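S.K.: quick one, fold the following:
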Amino acid sequence: MLTKIPDNYAVFLDLDGTLVDLAPTPADVIVPAELRDPLHGLNKQCQGALAILSGRKLADIDAITVIGRKRRDVRR
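M.R.: As a prediction, this is how the structure comes out:
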């Protein structure tokens, strides 16, 4: 069980090589089933303040993992 996260906190997680194994294309990435529920729970506990960091395009990240629809996209 996760510890309560304060309301003013956000969580940032790295995708490639940390949450999921490295793969050359989004289609090759496998998100383990046992990872999905904890990420959904963490996103809910953070009230949507969960960021997935990656060098991939936003569309590629969405294809790999859909955690919640309430999000803000950051572009350089």
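
S.K.: just the buried positions in the longest helix seen in the chain, please.
M.R.: For the chain, the helix that runs over the most residues, judged by DSSP state H, is helix 33-45. Of the residues in helix 33-45, those with enough neighbours to count as buried (16 or more other C-beta atoms under 10 Å) are 39, 42-43, 45. For every residue, glycine as well, the C-beta is placed using N, CA and C.

S.K.: and which of those is nearest to residue 5?
M.R.: Out of the buried residues of helix 33-45, the one with the shortest distance to residue 5 is residue 45. That distance is 5.3 Å, counting by C-beta to C-beta.

S.K.: what about the residue lying closest to residue 52 once chain neighbours are set aside, neighbour count?
M.R.: Closest residue to residue 52 in three dimensions, ignoring its sequence neighbours and counting by C-beta to C-beta, 6 or more residues apart in numbering: residue 15, at 5.2 Å. The criterion is other C-beta atoms under 10 Å. On that basis, residue 15 has 19 neighbouring residues.

S.K.: what about residue 61, how many neighbours?
M.R.: Each residue near residue 61 was counted by other C-beta under 10 Å, and the total is 20.

S.K.: tell me how far it lies from residue 6.
M.R.: Note on residue 61: its distance to residue 6, by C-beta to C-beta, to the nearest Å, is 26 Å.

S.K.: with residue 37 instead?
M.R.: Using C-beta to C-beta, one gets 22 Å for the distance from residue 37 to residue 6.
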